[in-house]
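Engineer: Sequence and predicted structure, then a few things I'm wondering about:
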Amino acid sequence: MVKLVESMDRSHPARPCLVFSNDPDAGGLSKAAQMGVPVAAVSHKPFGSDRARFEAEINHQLEAAETDIICLAGFMRILTPGFMAKWHKRMLNIHPSLLPKYKGLDTHARALAAGDAEAGCTVHEATAELDGGPILCQARLPVDDGETAQTLAAKVLRLEHVIYPATLRRFAQGDRSRQDYTGCDAT
């Protein structure tokens, strides 16, 4: 989130209008506030299994902020097809694997267990399919001998900080083409 906000300088076609979290204690909220970005948090817990009511509150917050594009970054809640339809073609997500491999959680451990020679991250349009949607960018890096899930996660995060802001810039300009990134030394 910080890298996305930092990237939105005067030459960027988008502006940060809200940082939202379902965790009122999320560290990103205070970072965003310090950067001058409006913040909002609505815990999903009081809504129990009523996802529609929770998502109605999310929509209220997003609409009040006049949101055009949603960039998911660490929002670990599965959103309903109805919510996804409302924001269709206006929502990005980043995932720490080379999709379609390793959708969901524990991506780095799964890549290591499979003996993959490379790993990476993917920015994609978010759809109702978990970690699905058209791929807009991927970045790859080698998996080193002796790599752990933690060291691989740190390397992949550096790639995420490069490709997500670049992809958001293109997306905000209307470019939905896939442009994979090959110029990052994240080791």
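Structural biologist: Nice, I can see it. If you're wondering where the values come from, they're calculated on a predicted model, not measured in any experiment. Numbers count the residues shown, from 1 in each chain.

Engineer: before we move on, which element is R176 in?
Structural biologist: Following DSSP states H and E, there is no helix or strand that holds R176.

Engineer: And K89, by the same measure?
Structural biologist: If you go by DSSP H and E, K89 is not part of any helix or strand.

Engineer: do G28 as well
Structural biologist: helix 27-34.

Engineer: just L157 next, same as before
Structural biologist: In this structure, L157 sits in helix 149-172 according to DSSP H and E.

Engineer: who are the neighbours of that helix, in terms of helices and strands?
Structural biologist: helix 2-7, strand 91-95, helix 107-113, strand 118-125, strand 135-142 (3 or more Cβ pairs under 8 Å, 6 or more residues apart in numbering; DSSP states H and E). In this view, the C-beta of every residue, glycine as well, is placed from N, C-alpha and C.

Engineer: sorry, back to before: right, and the helix or strand after the helix holding G28?
Structural biologist: Counting by DSSP H and E, the next helix or strand C-terminal to helix 27-34 is strand 39-41.

Engineer: in its sheet, what does that following strand sit against?
Structural biologist: Applying DSSP bridges, strand 39-41 is found paired with strand 19-21 (parallel).

Engineer: how long is stretch 34-51 end to end?
Structural biologist: Distance between the two ends of stretch 34-51: 30 Å, counting by Cα to Cα, to the nearest Å.
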